[in-house]
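In: Have a look at this fold, sequence not included:
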């Protein structure tokens, strides 16, 4: 083999040099391999390979070497240099920063650098010049990849390893999907996070968890059959079913929203809304928030088809409100960003209860929800503009409830899809009175129940996921019950801290929530106070 000084390029027999093994282990074939191969076939290898003189091992140019072998090139240009063997891997990897890397490549690179440049937690690199140099060299190698990307790759690696094992087919398929761009980094992260949370919840959340109290009842079951409710007893239904092909709530293959076709999805919904029709009073109202989606480059017209199906059940289409949002989900393709969702108002007869007198006392200078609020006959406007003004709202956020569920009860909320409190508030104020009963057949975390409890309405909910019923309890138990009088919110908080939260803390420590919900969501003193002042509220006339 021909040897030469470092600065000279020489042609050498390709069989006399060999690639760096660590590099072969770490990196996959890059996606632009074929284009590089075509260029080398046309122009030859322009940049010489850098090779360790002592071992004939390639420091830089492993990919060019591989392509040359594929093209059966017999001689390649080489620059020889002297380098100690313990430095080979680091030098070889450090020369690879311009390569187009897969997520697997990046993960392997992160692991490599963290192994070779170890800095223990808590070590002061600013006071130790040697540690400072190590940190600077490591950071220099890693800066080509944004820190957020590196952190997310490491988290995905850990979650996938913990869930499936590093050598499993499932683990390998996760990174293969990322490398082939079948899934996004954020999408894969969220999927694994949900699986991790669900696995934890399986060990702590009871299989069944109902809530039954004087003002609030939530059944942990499907609302396809609501035998617990007598026909014609519900004053108002306010609900939002799972949207078609939008979210997997982890309740199995048969869950509503995950059907293969819109028709099957709507057929399943009609089973439930047929029950809603049965339990609704003749003077009652039914509000349904439902949204559309883009599949195959086109909208599926889900709300429009749903409306027609409801008419076939016998409902009368009375009104349509639009929930207008200021931070909607981005809509891809050649179309506008969908910043609204319809809320359909159905009734069973023309003689339904409706009261908009509360608008006379509403301060709405920007007409966000009203028309003619300063006039003698104001009306709710169909476009409920929550972007500005007194009732402004974002797309609903469950961040606080998620935190409380984790901190107080020790379980994770997975997918807290819900609308903000202002949506059911307007619907219920228009169509219910104090002591009326409101039903939500897709109760979720009981936002409708929160309005009911704060405004002297009875609430019945149906929710299939026990974790959502638990989250509902976390939400609702903080609200002082109707008629609490002097036993208000401060007394309520003291009661919870003395009588409820300690038990929850013990369950969290034991990593097992017991099915023992409070039989009453208010204290005996509050109940007695309610009985004293209950006569002040006029019960609804069942014949009106």
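Out: Nice, I can see it. Source: prediction; values computed, not measured.
In: So which residues of the stretch 401-544 of the chain form helices?
Out: For the stretch 401-544 of the chain, the helices defined by DSSP state H, counting those that start in this stretch cover 422-431, 447-454, 466-476, 489-499, 501-510, 524-533.
In: just checking, what packs against the first one?
Out: Packing partners of helix 422-431 (3 or more CB pairs under 8 Å, 6 or more residues apart in numbering; DSSP states H and E): strand 234-239, strand 280-289, strand 316-324, strand 340-347, strand 383-385, helix 447-454. C-beta here means a position set from N, CA and C on the backbone, and glycine is covered the same way.
In: Contacts made by the last one with the rest, please.
Out: So the one you mean is helix 447-454. Here helix 447-454 makes contact (CB atoms under 8 Å, 6 or more residues apart in numbering) with 215-216, 218, 238-239, 396, 418-421, 423-425, 428, 438, 440, 443, 457-459, 461, 472, 475-476, 479, 481-482.
In: So how do I select the buried members of the residues you listed in ChimeraX?
Out: Filtering the contacts of helix 447-454 down to the buried ones (16 or more other CB atoms under 10 Å) takes a single ChimeraX command:
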select :215,216,218,238,239,396,418,419,420,423,424,425,428,438,440,443,457,458,459,461,472,475,476,479,481,482
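In: Switch the helices of the stretch 401-544 of the chain over to JSON lines; also include mean pLDDT and distance to residue 182.
Out: Formatted as JSON lines, those follow (pLDDT from 0 to 100; distance: least, CB to CB, whole Å):
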{"stretch": "helix 422-431", "mean pLDDT": "90", "distance to residue 182": "36"}
{"stretch": "helix 447-454", "mean pLDDT": "92", "distance to residue 182": "35"}
{"stretch": "helix 466-476", "mean pLDDT": "91", "distance to residue 182": "29"}
{"stretch": "helix 489-499", "mean pLDDT": "82", "distance to residue 182": "47"}
{"stretch": "helix 501-510", "mean pLDDT": "89", "distance to residue 182": "38"}
{"stretch": "helix 524-533", "mean pLDDT": "57", "distance to residue 182": "55"}
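In: and residue 304, which of those is closest to it?
Out: With CB to CB as the measure, helix 422-431 is the member of the helices of the stretch 401-544 of the chain nearest residue 304 (20.5 Å).
In: Would you mind pulling the contact partners of that closest one?
Out: Residues contacting helix 422-431 (CB under 8 Å, 6+ apart): 235-236, 238, 284-285, 287, 289, 321, 323, 343, 345, 352-356, 358, 369, 380, 384, 386, 391, 393, 438, 447-448, 451-452, 455, 457.
In: hmm, back to that, wait, which of the helices of the stretch 401-544 of the chain is closest to residue 189?
Out: For residue 189, the closest of the helices of the stretch 401-544 of the chain is helix 466-476, at 20.6 Å, according to CB to CB.
In: residues in contact with that closest one?
Out: Residues outside helix 466-476 that contact it (CB under 8 Å, 6+ apart) are 201, 205-211, 216, 218, 220, 401, 404-405, 408-409, 411-414, 416, 443-447, 449-450, 453, 461, 463, 513, 517, 521.
In: Residues contacting stretch 154-165, please?
Out: With contact meaning CB under 8 Å, 6+ apart, stretch 154-165 is reached by 107, 110, 166, 170-171, 174-175, 178, 185, 188-189, 192-193, 195-196, 199.
In: Out of those, list just those in helices.
Out: Applying DSSP state H to these, the entries found in helices are 107, 110, 170-171, 174-175, 178, 185, 188-189, 192-193, 195-196, 199.
In: Of the residues you listed, which pair is most distant in space?
Out: Pairwise distances across the ones in helices among the contacts of stretch 154-165 (CB to CB) peak at 25.4 Å, for the pair 110 and 199.
In: Compare the two and say which one has the larger neighbour count.
Out: Neighbours were counted for residue 110 and for residue 199 using other CB atoms under 10 Å; residue 110 has more, 18 against 12.
In: The more buried one against residue 153, yeah?
Out: Yes: using CB atoms under 8 Å, residue 110 makes contact with residue 153 at a distance of 6.9 Å.
In: How far off centre is stretch 326-341?
Out: Stretch 326-341 sits 18 Å away from the centroid of its parent chain (CA atoms, centre = their mean, to the nearest Å).
In: Can you measure across it, start residue to end residue?
Out: Separation of the first and last residues of stretch 326-341 by CA to CA, to the nearest Å is 12 Å.
In: Then stretch 429-440?
Out: End-to-end for stretch 429-440, by CA to CA: 15 Å.
In: sorry, back to before: select, out of the helices of the stretch 401-544 of the chain, the one closest to residue 46.
Out: Of all those, helix 466-476 sits nearest to residue 46, with 60.4 Å by CB to CB.
In: a markdown table for the helices and strands packed on helix 422-431, including distance to residue 491?
Out: As requested, the helices and strands packed on helix 422-431 are arranged in a markdown table below (distance: least, CB to CB, whole Å):
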| stretch | distance to residue 491 |
| --- | --- |
| strand 234-239 | 29 |
| strand 280-289 | 34 |
| strand 316-324 | 35 |
| strand 340-347 | 36 |
| strand 383-385 | 35 |
| helix 447-454 | 16 |
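In: Residue 345 - how many residues pack around it?
Out: Residues lying near residue 345 (other CB under 10 Å) number 21.
In: One more: residue 229?
Out: Quick note: residue 229 (other CB under 10 Å) scores 20 neighbours.
In: So which bits of stretch 301-310 are buried?
Out: In terms of neighbour count (16+ other CB under 10 Å), stretch 301-310 has its buried residues at 302-303, 305-307, 309-310.
In: Okay, now the unreliable bits of this protein?
Out: Across the chain, the ranges flagged by pLDDT under 70 are 1-7, 85-100, 113, 115-142, 247-253, 360-378, 380-397, 415-418, 483-488, 517-544.
In: what helix or strand does residue 151 sit in?
Out: If you go by DSSP states H and E, residue 151 is part of helix 147-164.
In: got the angle for that helix vs helix 169-179?
Out: Angle between the axes of helix 147-164 and helix 169-179 is 160 degrees (criterion: axes from the mean of the first three to the mean of the last three CA atoms, to 10 degrees).
In: what comes up buried for helix 147-164?
Out: 150, 152-153, 156-157, 159-160, 164.
In: can you check stretch 55-69 too?
Out: 57-68.
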